[in-house]
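Student: Provided below for reference: sequence and predicted model.
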Protein chains: 2
Amino acid sequence: MQQTRLDTARIRSARQVIDPMFRDTPLYCCEALEPHLGCAVSIKLETANPVRSFKARGTEVVASRLADDGSRAVVCASAGNLGQALAWSGRGRQLDVTVVASRFATRTKLDRIRALDARLELVDGDHELARERAAAIAHREGIRLVEDSLDIETCEGAATIGLELVDAGPSFDAVLIALGGGALATGVGHVVKDLAPEVEVICVQPLGAPALTHSWRQRRVVTTDSTDTIADGVAGRFPIPAVLDHLLVVADDAVLVREASIIAGMRMLLDHAGLVVEPSAALGIAAILEDRDRFADRHVAVIVCGSNVDMDTFHRWVGAPLR
Amino acid sequence: MQQTRLDTARIRSARQVIDPMFRDTPLYCCEALEPHLGCAVSIKLETANPVRSFKARGTEVVASRLADDGSRAVVCASAGNLGQALAWSGRGRQLDVTVVASRFATRTKLDRIRALDARLELVDGDHELARERAAAIAHREGIRLVEDSLDIETCEGAATIGLELVDAGPSFDAVLIALGGGALATGVGHVVKDLAPEVEVICVQPLGAPALTHSWRQRRVVTTDSTDTIADGVAGRFPIPAVLDHLLVVADDAVLVREASIIAGMRMLLDHAGLVVEPSAALGIAAILEDRDRFADRHVAVIVCGSNVDMDTFHRWVGAPLR
């Protein structure tokens, strides 16, 4: 494989500093989905942990290195999952964690960040404004700014999922990966293309937040003025050039899906897999629903990457009215 | 510990024949539950696998030994989870699996048993009638009858959960275990009392299916004429004497909980842990809700043992109306 900014040996090392609680997550074929999707689906479940998303894999690597360096504080911008994960990883290592988020972020994510003893600062805008604000705080206080997908630790952490997929001796021939900032897609994509290149790496992004997919297709950074999606975890507007470069090497495809398909995917995972997931975690199922012919009779792996949803909102989406 | 019919070394051996897919399940502290329960709760999640319950741990041991012996067929009675698990474990080893169940069993459990290529026979009565019918089939066809909780493999399989709890270096001081036939309670109880005797082993059964709890309290087998509970997975009427004897050695307590508490527990796991569970899996939370003082400021482990529910029924229980 072409040289990229990730290295499989380094990813294996990174894996060692991640709390075992976040590693070796369940990977199983959910046969009950098959009649509804027309293909075999293996689920890699990243939600059964204290922060209910895969993000702690990356923040464990970040926080571990910061603690080794004697750092005391760290700041990040987050749509909610990174912040929660950094708060968890930092708390265990006596780091002061500041998280900057949009005040429109998912309520339960903000509540959990506060509950994990992080300082939470809200901005009156979207995630990109939170990124600016976090950078300003880091500059002012002279502390480490964690930038999701840009910082190599966040990609290495996410990439450990790829190791576990490949080490399982993959029976699947494609892996569907939620595409947001790109840490998950480039991380997992890197490992899969390095160790199991025959497996197709397909990134999935909402039509309402298509910046990185458009960038991948045009092979140059394309930004958007706004986002419009319920998949808050992947709603960025400014792709990171280095991440795009990497994605161009490891992704076989990047597809966009409609909001209705994301909701249908969430409902399907609830009804047939018994899983509550956040919208970003249903992107893979949405992609199958939108292109059944492409996946017919194949075996695909989907990474169920997060389950932090406001339950009232969840019920509204999947169609069970509020109680 | 007093000698019992289980042996920890044998349980460690049994663990080796269980498909890794069912082992090393997530164990994590769910802090979001704490403010609502007044105690720290660690979840041992047994639902993220192809049969959505812990039962495959036992059927893997059963089917592995049957395959080693050259057996071709096996039959069991089941409320649904054992049958699904035996169907899964048997299919992979070319065993013909027959499952006898009540026609009133949870629909999705019956559907999944059929989907796993087992022969499903329904009886017009409860689980105890299914047990009689399964025994008759075994006798007529000269094939192995798997009797949950009585057969040592089912207990050894369930006991492997105990190994994983103990190997994690338990920070919890009590473990709450759903009590049905007793395989889970005696299995996990045995390992905990053998290797971490300071941890309190508390069994939880519905008030509407109290036979084994009454038996434990009176130190003799007590049967009931009927059961009345939504917790179908633990609704037996005829405790097995050998299992009771074992339970008397390993259980520190056995408590009964109301249906309303089971439903409140299910709702709490949905709202604060993002978990869809079947009623039996909410018994531990129900026990905490009914006796908050007992658990105040303690750290308890609960085994979330199954998630096979009809989603419409689930929504009706937890209060979100049908869509």
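Tutor: All right, it came through fine. Residues are numbered from 1 along each chain as shown, chains lettered A, B, ... in the order given.
Student: residue A:238 in helix, strand or coil?
Tutor: Three-state call for residue A:238 (DSSP: H, G, I helix; E, B strand; the rest coil): coil.
Student: so what does it have for phi and psi?
Tutor: The phi and psi torsions at residue A:238 (degrees, to the nearest 10) take the values phi -120, psi 90.
Student: just give the nearest non-adjacent residue to it, would you?
Tutor: residue A:223 (5.2 Å; Cβ to Cβ, 6 or more residues apart in numbering or on different chains). For the C-beta atoms, the positions are set from N, CA and C on the backbone; glycine is no exception.
Student: that neighbour contacts residue A:211, doesn't it?
Tutor: Yes. When contacts are counted by Cβ atoms under 8 Å, residue A:223 is listed as touching residue A:211 (5.7 Å).
Student: which of the two has more neighbours?
Tutor: residue A:211 (22 against 13; other Cβ atoms under 10 Å in any protein chain shown).
Student: quick one: contacts for that one?
Tutor: A:222, A:223, A:224, A:236, A:237, A:238, A:239 (Cβ atoms under 8 Å, 6 or more residues apart in numbering or on different chains).
Student: which residues touch the residue nearest to residue A:238?
Tutor: The neighbours of residue A:223, taking Cβ under 8 Å, 6+ apart as the test, are A:211, A:237, A:238, A:239.
Student: what sits against the closest residue to residue A:197 other than its chain neighbours?
Tutor: Distances taken as Cβ to Cβ, 6+ apart place residue A:1 nearest to residue A:197, at 7.0 Å, with adjacent residues excluded. Taking Cβ under 8 Å, 6+ apart, we find residue A:1 in contact with A:193, A:194, A:197, A:249, A:250.
Student: from these, which would you call buried?
Tutor: Using 16 or more other Cβ atoms under 10 Å in any protein chain shown as the burial test, the contacts of residue A:1 include A:193, A:194, A:249, A:250 as buried.
Student: domain parsing of chain A, as residue ranges.
Tutor: A:8-53+A:152-318, A:56-146 (automatic domain parsing).
Student: how about the residues of the stretch 101-250 of chain A by chain B?
Tutor: Contact residues, the stretch 101-250 of chain A versus chain B (Cβ under 8 Å from any Cβ of the partner chain): A:112, A:115, A:116.
Student: need the nearest residue in space to the second one, chain neighbours excluded.
Tutor: Translated: residue A:115. residue B:31 (6.6 Å).
Student: one step back: tell me the two of the buried ones among the contacts of residue A:1 that are most distant?
Tutor: Distance extremes for those: the farthest pair is A:194 and A:249 at 10.5 Å, using Cβ to Cβ.
Student: mean confidence for stretch A:105-120?
Tutor: Throughout stretch A:105-120, pLDDT has a mean value of 97.
Student: what is the end-to-end distance of it?
Tutor: Using Cα to Cα, to the nearest Å, the end-to-end distance of stretch A:105-120 comes out at 12 Å.
Student: and the residue lying closest to residue A:32 once chain neighbours are set aside, which of the three is it?
Tutor: Using Cβ to Cβ, 6+ apart and skipping residues adjacent in sequence, the residue nearest residue A:32 is residue A:272, 4.4 Å away. Assigned by three-state DSSP, the conformation of residue A:272 is helix.
Student: now for residue A:272, how many residues are close by?
Tutor: Neighbours of residue A:272 (other Cβ under 10 Å): 20.
Student: cool, the one 3 residues further on as well?
Tutor: Other residues near residue A:275 number 25, with proximity taken as other Cβ under 10 Å.
Student: one more: residue A:222?
Tutor: Counted with other Cβ under 10 Å, residues neighbouring residue A:222 total 18.
Student: quick one, what contacts it?
Tutor: A:211, A:214, A:215, A:239.
Student: and if you look at residue A:256?
Tutor: The contact partners of residue A:256, taken as Cβ under 8 Å, 6+ apart, are A:204, A:205, A:206, A:207, A:210, A:213.
Student: report the contact partners of the fifth one.
Tutor: Which is residue A:210. Residues near residue A:210 by Cβ under 8 Å, 6+ apart: A:224, A:256.
Student: distance of it from residue A:282?
Tutor: Applying Cβ to Cβ, to the nearest Å, the value for residue A:210 to residue A:282 is 17 Å.
Student: give me the element residue A:76 is part of.
Tutor: Assigned by DSSP states H and E, residue A:76 belongs to strand A:73-77.
Student: how about residue A:158?
Tutor: According to DSSP H and E, residue A:158 maps onto helix A:152-167.
Student: angle of that helix against strand A:73-77?
Tutor: Going by axes from the mean of the first three to the mean of the last three Cα atoms, to 10 degrees, helix A:152-167 is angled at 70 degrees with respect to strand A:73-77.
Student: so how far is the helix or strand just after helix A:152-167 off the chain centroid?
Tutor: Following helix A:152-167 in sequence order, the next helix or strand is strand A:174-178 (DSSP H and E). The chain centre lies 11 Å from the centre of strand A:174-178; the measure is Cα atoms, centre = their mean, to the nearest Å.
Student: got a list of contacts for the helix or strand just after strand A:174-178?
Tutor: The first helix or strand that comes after strand A:174-178 along the chain, using DSSP H and E, is helix A:183-195. Applying Cβ under 8 Å, 6+ apart, the contact partners of helix A:183-195 are A:1, A:4, A:6, A:8, A:11, A:54, A:58, A:148-149, A:154-163, A:165-166, A:175, A:177-179, A:199, A:201, A:203, A:243, A:246-247, A:249-251, A:303, A:305.
Student: for the record, mean pLDDT for helix A:183-195?
Tutor: Summarised as a single mean, pLDDT over helix A:183-195 is 98.
Student: please pick the buried ones from the contacts of residue A:256.
Tutor: Restricting those to buried positions leaves A:204, A:205, A:206, A:210, A:213, with burial counted as 16+ other Cβ under 10 Å.
Student: narrow the residues you listed to those in helices?
Tutor: Judged by DSSP state H, the subset of the buried ones among the contacts of residue A:256 located in helices is residue A:213.
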